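S.K.: only geometry, no sequence info:
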């Protein structure tokens, strides 16, 4: 399988499909086709591993094995039993089945997972005379079942832990912005590291850190492992070669990356996370209120994710925050472009800025607006145009 050209699937947050498609084309993916929350492409096993290492906006990368109707237990069992599991699961390896999607016959995903597990176990027992154990938390081979109304699919999850979990920050916390979405915001804004970057409401620093990874040409998956690296049939030399290539590609950040927040705990979290990500030298972190935002060089890029209100339950208290943000941008960011992700679009009117473009993105299930403001006639900085074909809304804010 190492030398074959395979049909592969990368998943992402809704709204980032075209950004992910552009990433895959840049990596050499063939027949790249964006869908809803996913992008299909073709490539070999080396591209599959490279995708896990280098993709910034993907959540996971899947190797599809079978697809078809699965309207009841018998049909799903037959679909799973038709896969040559004896070529994919080695003696002594453990398995786990994860389920996504919905189907009328399987309202409980655990039942669907059990059906697929039974089919795998029965085939291996019949053909090889042994059965694998199940390990839901740390399986050697992770099977991904996607249930659909008309068709379901079964594949291998090559990523394991979601790719958005880079490993540099603790999971959880209030209203977190995922690493993959933060990277998508930067790529949408055209950021490559060739312009100064500022996040004046940095929270735990995700946008600034993802910016530093981009600017230093550091692959986001370089410091973690992937489920596919435990596949017994994978040529491990592929991983060693790719990782060394990516380590050698890194560079110092060419221009400043500024992260600030009024909250001391947020500043400490950003500093800690930047150290864990290996980009602390590239990110200048400070405690600063919006009213104290320093003047930015013309051509700088401001990317920030203010509190939403909807999620935190405090929308009524955020009017002054957005008003102060707008005042700070008008005063300190002349000749710059500001990109703001808003989960409560009504609050954007408090900025009192004229939007240039806006896009629909999803932070988990929450529909957001990602809006660009060109301040005092500043042209969009960042070093390259945004990916084409995006779900851009009309420019007027009416």
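M.R.: On my side now, so go ahead. A quick note: this is a predicted structure, and the numbers were derived from the prediction, not measured.

S.K.: going forward, measure contacts and count neighbours with C-alpha atoms only.
M.R.: OK.

S.K.: so residue 19 touches residue 57, yeah?
M.R.: Yes - the pair formed by residue 19 and residue 57 meets the contact definition of C-alpha atoms under 8 Å, at 7.5 Å.

S.K.: between the two, which one's more packed in?
M.R.: residue 57 (28 against 25; other C-alpha atoms under 10 Å).

S.K.: any idea of the pLDDT on residue 168?
M.R.: If you check residue 168, the pLDDT there is 94.

S.K.: could you do residue 310 as well?
M.R.: Listed pLDDT for residue 310 reads 50.

S.K.: re the thing from before, list residues touching both of residue 19 and residue 57?
M.R.: Residues touching both residue 19 and residue 57 (C-alpha atoms under 8 Å, 6 or more residues apart in numbering): residue 184.

S.K.: which element is the residue nearest the centre of the chain on?
M.R.: Among the residues of the chain, the one closest to the centroid is residue 180, at 2.4 Å (C-alpha atoms, centre = their mean). For residue 180, the element it lies in under DSSP states H and E is helix 179-188.

S.K.: which residues touch that helix?
M.R.: 13, 16, 19, 56-59, 163-166, 206-207, 210-211, 303, 363, 370, 386-387.

S.K.: buried subset of the residues you listed?
M.R.: Buried positions within these, assessed by neighbour count (16 or more other C-alpha atoms under 10 Å), are 13, 16, 19, 56-59, 163-166, 206-207, 210-211, 303, 363, 370, 386-387.

S.K.: mind checking which of those are in helices?
M.R.: Those of the buried ones among the contacts of helix 179-188 mapping onto helices are 19, 206, 207, 210, 211, per DSSP state H.

S.K.: ok, the first one to residue 9 distance?
M.R.: To residue 9, residue 19 is 15 Å away according to C-alpha to C-alpha, to the nearest Å.

S.K.: before we move on, the earlier item: pLDDT of the helix holding residue 180, averaged?
M.R.: Helix 179-188 comes out with an average pLDDT of 98.

S.K.: again, but for stretch 227-243
M.R.: 92.

S.K.: now do it: distance to the chain's middle.
M.R.: 22 Å (C-alpha atoms, centre = their mean, to the nearest Å).

S.K.: what does it contact?
M.R.: With C-alpha under 8 Å, 6+ apart as the test, stretch 227-243 has contacts from 2, 46, 49-50, 88-90, 140-142, 157-161, 222.

S.K.: repeat for stretch 71-89
M.R.: Contacts for stretch 71-89 (C-alpha under 8 Å, 6+ apart): 65-70, 103-106, 112, 115-116, 118-120, 122-124, 127-128, 141, 149-150, 154, 231-233.
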